[in-house]
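>>> here is the input, now give the coordinates:
(one chain, ligands or ions: 2)
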Amino acid sequence: MSVDKSKIETAVKMILEAVGEDPNRPGIIDTPARVARMYEEVFSGLHEDPKKHLEVYFSEEYDQYVVVQDIVFHSMCEHHLLPFFGRVHVAYYPENNEVVGLSKIARVTDVISRRPQLQERMGKQIGDTIANSIQSKGVMVVIEAEHMCMVMRGIKKPGAITKTIYSTGIFKEDLAMRQEVLNLIKG
Ligand SMILES: Nc1nc2c(ncn2[C@@H]2O[C@H](COP(=O)(O)OP(=O)(O)OP(=O)(O)O)[C@@H](O)[C@H]2O)c(=O)[nH]1
Ligand SMILES: [Zn+2]
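Ligands and ions are numbered 1, 2, ... in the order given. Reported below is the predicted structural model:
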């Protein structure tokens, strides 16, 4: 099933009415349709399998890890449907010379971030997608993000950054290697 835009339009119209707006006011008459198109875009990852981006890989003799750092992302927190956004850093250690195109790591990140998400689950889904698609000795995903639900409502703490780490295989077992990756990212 893909996004039901007419259902979103009806819901947005009801929200506008419920907060005391006139949904027929000229300035916002098209807002329900706009919001439906926006949700179709920002939740498109619900209808995509990120693994499709990792079907093609190269064979290259390389026995070290690879880090793709500072992949900018925007997602929506599943509790408040407000954005959280920041940077994803991914390390993976290829095995049996299976090396993936660097852009594919960012494509996987994009698909997984375009869903109602939790930061922790987003890191795990990115890590597991890579770990389950290509042969690797391990994967590590670090996410740094600011959550608008902590900025513009509730506790109201702009600047509070949440950092999460998800790691598998060698990055979980070899603490020196894990630290080296963290130092690289920080540098
Ligand atoms: N662990 C985690 N928590 C998140 C994430 N995004 C939002 N949250 C938190 O989810 C929690 C939801 O708490 P609730 O008590 O159900 O909702 P609430 O009454 O709106 O909470 P407050 O934000 O404290 O006002 C809040 O503490 C949010 O900060 C996330 O990605 N990971
Ligand atoms: Zn939230």
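
>>> can we go C-alpha only for contacts and neighbour counts from here?
Will do.

>>> list the buried residues of whichever strand or helix holds Leu182.
According to DSSP states H and E, Leu182 maps onto helix 175-186. By neighbour count on 16 or more other Cα atoms under 10 Å, the buried set for helix 175-186 is Arg178, Val181, Leu182, Ile185.

>>> isn't Ser167 up against Val139?
Yes: the criterion here is Cα atoms under 8 Å, and Ser167 meets it with Val139 at 5.7 Å.

>>> mind giving me the domain ranges of this protein?
5-42, 47-186 (automatic domain parsing).

>>> coming back round to it: neighbour count for Ser167 and Val139, which is higher?
Neighbour tally, Ser167 and Val139, criterion other Cα atoms under 10 Å: the higher count belongs to Val139, 26 against 22.

>>> isn't there a strand covering that one?
Yes: assessed with DSSP: H, G, I helix; E, B strand; the rest coil, Val139 lies in a strand.

>>> ok, now which ones touch it?
Val90, Ala91, Tyr92, Tyr93, Gly127, Ile130, Ala131, Ser167, Thr168, Gly169, Ile170, Phe171 (Cα atoms under 8 Å, 6 or more residues apart in numbering).

>>> out of those, which are inside strands?
Among those, the members falling in strands (DSSP state E) are Val90, Ala91, Tyr92, Tyr93, Ser167.

>>> now the two most distant members of those.
Tyr93 and Ser167 (11.5 Å; Cα to Cα).

>>> identify the contacts common to these two.
Common neighbours of Tyr93 and Ser167 (Cα under 8 Å, 6+ apart) are Gly138, Val139.

>>> show me which residues of the least confident helix or strand in the chain by mean pLDDT are buried.
Least confident helix or strand of the chain, by mean pLDDT, DSSP states H and E, is strand 57-59 with a mean of 89. Residues of strand 57-59 classed as buried by neighbour count (16+ other Cα under 10 Å): none.

>>> check stretch 31-50 too.
So stretch 31-50, judged by 16+ other Cα under 10 Å, has buried residues 31-34, 36-37, 39-40, 42-46, 50.
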